[in-house]
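# Quick one, structure for this:
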Amino acid sequence: MNDDDLLPIRYLNDLLFCERRAALHLVEGIWCDNQYTTEGLLAHKRVDLPKNVIRKDQRHVTGMWLVSHRLGLIGKGDLIEFVPDESDTPIPYPVDFKRGKRRRWDNNEAQLCAQAMCLEEMLDVAVPRGAIFHIKSQRREEVTFNLELRTKTANAAARLHELLRRRETPKAKYHRKCEGCSLLQWCMPKSLRPRATAANYLNRLLHDSLPESNDSDQL
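Sure thing, here's the model as predicted:
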């Protein structure tokens, strides 16, 4: 795959959260920040700067570019720790920084796994584990890159490229998680539901405009 065809790793999280959201970003070029995306950008400012630091027996690299031509992905690693194994060989250990605690619909593990698969392709070394660092709690959640997660990650990368190649934007389907999406006002999932007809909309407006009846009105 040519370098011009590589897609940002961060869109894997978008795709697994909602394919329509990924398509609105990639295909239609729509982007809108909200509280969560802004806080995330601010939280990443420090680790986005390229640095190469030796701490005890480990090398810590921030802002490292990661590429996988097999997956067709490119992006920056927040932090790559090179941890010596039993034979004193430095093994990459990717750490992805996230703003707050893990939410129900996050797919951070696939995004982290993609970073590991990039490192394996670039450095020709196995990367079995990594971690997600939650900034607010200052805690790490270790992730093992098993076959199931690797397959999920590879399939998501392939689907991303398929959406872009076909210029396809899936239809909106409302879900509770939509309320936290920065593209809610552009996507309008409620208005595009099958039952959201013009007649139903007008009936709701009429119902809302009528005064509420109570016992005193009937006396």
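# drop to CA atoms for contacts and neighbour counts, all remaining ones
Fine.
# ok, then the element right after the lengthiest strand in the chain?
Longest strand of the chain, by residue count under DSSP state E: strand 90-98. Heading C-terminal from strand 90-98, the first helix or strand you meet, by DSSP states H and E, is helix 108-123.
# what does that following helix contact?
9-10, 12-13, 66-68, 73, 75, 77, 92-96, 125-132, 143, 145, 149-150, 152-154 (CA atoms under 8 Å, 6 or more residues apart in numbering).
# 7 Å - rerun?
Outside helix 108-123, the residues that touch it by CA atoms under 7 Å, 6 or more residues apart in numbering are 9-10, 12-13, 66-68, 77, 94, 96, 126-127, 143, 145, 149-150, 153.
# Kindly report the same for stretch 131-143.
Taking CA under 7 Å, 6+ apart as the rule, stretch 131-143 contacts 94-101, 109, 129-130.
# gap between the two ends of that stretch?
5 Å (CA to CA, to the nearest Å).
# part of a strand, is Ser182?
No. Counting by DSSP: H, G, I helix; E, B strand; the rest coil, Ser182 is not found in a strand; it is coil.
# how far away is Asp124 from Ala156?
Computed as CA to CA, the Asp124 to Ala156 distance reads 23 Å.
# ok, those two, which is more surrounded?
Applying other CA atoms under 10 Å to Asp124 and Ala156 shows that Ala156 carries more neighbours, namely 23 against 10.
# elements contacting whichever strand or helix holds that one?
Per DSSP H and E, Ala156 falls inside helix 147-166. With contacts taken as 3 or more CA pairs under 7 Å, 6 or more residues apart in numbering; DSSP states H and E, helix 147-166 sits against helix 108-123.
# Can you list the strands that the following helix or strand past the helix it packs on pairs with?
Per DSSP H and E, the first helix or strand lying C-terminal to helix 108-123 is strand 129-134. Strand pairing for strand 129-134, determined by DSSP bridges: strand 90-98 (parallel), strand 139-144 (antiparallel).
# could you say which helix or strand contains the residue nearest to Ile30 when sequence neighbours are not counted?
Excluding the flanking residues, the one nearest Ile30 by CA to CA, 6 or more residues apart in numbering is Leu24, at 5.5 Å. Per DSSP H and E: Leu24 is located in helix 19-26.
# on that earlier part again, so how far is Gln138 from the residue nearest to Ile30?
Distance, Leu24 to Gln138, using CA to CA: 33 Å.
# neighbour-wise, which of these two wins?
Set Leu24 next to Gln138 and count neighbours by other CA under 10 Å: Leu24 wins out with 18 against 12.
# Any figure for the gap between the more buried one and Ile80?
The span separating Leu24 from Ile80 equals 31 Å under the rule CA to CA.
# same check, this time on Leu26
Taking CA to CA, one finds Leu26 at 27 Å from Ile80.
# So between the two, which is more surrounded?
Ile80 (24 against 21).
# pretty sure the more buried one is in a helix, no?
No. Assigned with three-state DSSP, Ile80 falls outside any helix and is strand.
# What confidence value was assigned to it?
For Ile80, the pLDDT comes out at 97.
# in the chain, what secondary structure element scores lowest on mean pLDDT?
Every helix and strand in the chain was compared by mean pLDDT, DSSP states H and E; the lowest is helix 35-44, with a mean of 53.
# On the pLDDT front, check Ser68 for me.
97.
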